[in-house]
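Peer 1: here is my input; please provide its structure:
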Amino acid sequence: MLKFKGCQHFRQRLVCSTLSGRPIRIDDIRAADPESPGLRDFEASFLRLLEKLTNGCVVEINETGTSLRYRPGVVVCGSGLTHDCGTSRSIGYFLEPLLVLGLYGKKPLSITLRGITNDETDPGVDTFRTVTLPLLRKALGVEDGLELRVVSRGAAPGGGGEVALRVPLVKQLGAISMEDEGMVKRIRGVAYSMKVSPQVTNRMVDGARGVLNALLADVYVFTDATSGAASGKSPGYGITLVAETTSGCLISAEACNCNSAAGRRGGGEAPADAEAGAHPHQVVPEDVGSTAAHLLLEEVRRGGVADGSHQGLLLLLCALGPEEANSVRLGPLTPHAVRTLRHLRDFFGVTFSLRAERSSGTIFATCVGANVRNVSRRVT
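Peer 2: Predicted coordinates for the structure are as follows:
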């Protein structure tokens with residue numbers, strides 16, 4: 001049994017435990033917090049989601065919630081599943097683990113998630129739809145069956161959003177070789193708003209184009225101003241930008257303003273205790289657009305075939321791959337990516353060879369995969 005301490009990277013530990021079949025124990029979960037020690041409600045919600053996806057998993061939590069034992073079961077998945085993600089964290093907190101676990105199920109995954117679609121803490125559903133899913137398709141060679149549909153949007157703190165996710169099965173992952181980052185040739189994006197004036201989306205587009213058009217002519221941002229039942233329970237607005245390179249790589253950045261709070265996200269995972277609406281100052285739509293544009297330019301400057309928020313996912317896919325060379329080119333590693341490398345060593349025995357390229361400031365990460373197979377899928 002592997003033992004860990006603290007609440008950081010809670011989801012990744014459970015996902016790696018499920019895929020490797022190794023039980024884990026996590027101690028000292030916010031034990032130093034005198035007012036609210038132990039698991040938060042969104043972490044308990046993620047455990048309930050795991051129980052829906054697997055068969056035979058055992059979860060033991062002590063009275064104070066500061067210690068957890070998890071014995072993984074068999075990934076089953078299935079269709080017609082629903083899960084209420086609550087309003088503490090957004091749907092993006094639950095999507096990335098679902099994308100990985102769904103590949104190794106006994107049945108194709110089809111699930112409806114309800115909660116907050118866009119906030120300032122976790123990646124928004126637009127990032128998953130426009131960047132994460134194409135990244136999976138490119139890395140896995142999967143064309144059909146991988147889909148994320150936004151039924152309705154919901155901003156913090158009320159939520160009210162709904163998305164439908166479909167993930168196909170794989171017998172095993174193929175080798176990943178993504179070393180050519182290319183040059184940025186065009187920028188696309190989505191400016192969305194909920195329960196506010198439709199003009200807000202146009203103002204965010206103007207703010208983003210004011211920065212990006214000085215560097216690139218091919219910039220187009222779609223607008224999505226929702227109202228009524230499709231706009232959730234709280235007002236909010238934000239923008240997601242995606243830079244596409246000549247080699248087909250996608251680099252993303254986003255910024256949003258929900259509950260009169262300015263949110264901005266670059267790369268990496270949000271702190272485990274991050275609270276929605278933690279920024280008390282007001283931000284006008286033009287500033288939200290320009291903030292996202294500057295964050296995107298920073299991600300492009302860092303280099304690599306993926307932005308900082310997707311480094312951990314790409315490294316995990318390499319480690320799950322076949323017993324041959326898997327290599328990717330990344331920018332400077334985020335703290336989340338560094339912790340991912342340690343987890344992959346602990347759970348799968350996979351170690352990466354890191355080689356820095358001084359001229360570009362990028363890192364070539366190479367490993368021999370653990371050849372994790374989907375033992376549940378029937379051989380046809």
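Peer 1: elements contacting the longest helix anywhere in the chain?
Peer 2: The single longest helix within the chain, with elements called by DSSP state H, is helix 285-302. Judged by 3 or more Cβ pairs under 8 Å, 6 or more residues apart in numbering; DSSP states H and E, the packing partners of helix 285-302 are strand 184-194, helix 199-212, strand 236-245, strand 250-258, strand 261-265. All C-beta spots, glycine's among them, are computed from the backbone N, C-alpha and C.
Peer 1: same thing but at 7 Å, please
Peer 2: The helices and strands touching helix 285-302, judged by 3 or more Cβ pairs under 7 Å, 6 or more residues apart in numbering; DSSP states H and E, are helix 199-212, strand 236-245, strand 250-258.
Peer 1: so in that sheet, which strands flank the second one, and in what orientation?
Peer 2: Going back to what we said before, that points to strand 236-245. Strands that pair with strand 236-245, judged by DSSP bridges, come out as strand 184-194 (antiparallel), strand 250-258 (antiparallel).
Peer 1: which of the ones you listed sits closest to residue 322?
Peer 2: Ranking the strands paired with strand 236-245 by proximity to residue 322 (Cβ to Cβ) places strand 250-258 first, at 24.3 Å.
Peer 1: please export the C-alpha coordinates of the closest one as PDB.
Peer 2: Extracted in PDB, the C-alpha atoms of strand 250-258 (Å, rounded to 0.1, in the frame of the first residue of the first chain):
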ATOM      1  CA  LEU A 250      -3.000  23.700 -29.500                       C
ATOM      2  CA  ILE A 251      -2.100  26.200 -26.700                       C
ATOM      3  CA  SER A 252      -4.900  27.600 -24.500                       C
ATOM      4  CA  ALA A 253      -5.500  30.300 -21.900                       C
ATOM      5  CA  GLU A 254      -8.600  31.700 -20.300                       C
ATOM      6  CA  ALA A 255      -9.900  34.400 -18.000                       C
ATOM      7  CA  CYS A 256     -13.300  34.900 -16.500                       C
ATOM      8  CA  ASN A 257     -15.300  37.100 -14.200                       C
ATOM      9  CA  CYS A 258     -17.900  35.300 -12.100                       C
END
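Peer 1: give me the contacts around it.
Peer 2: 118-120, 124, 127, 131, 134-135, 155-156, 234, 236-244, 263-266, 277, 283, 288, 291-292, 295-296, 299-300, 307 (Cβ atoms under 7 Å, 6 or more residues apart in numbering).
Peer 1: helices of the stretch 51-200 of the chain, residue ranges please.
Peer 2: Counting by DSSP state H, counting those that start in this stretch, the stretch 51-200 of the chain has these helices, from start to end: 92-102, 125-127, 133-140, 199-212.
Peer 1: what comes into contact with the last one?
Peer 2: Residues external to helix 199-212 that are found in contact with it (Cβ under 7 Å, 6+ apart): 187, 189, 191-193, 219, 221, 223-225, 237, 239, 241, 285-290, 292-294.
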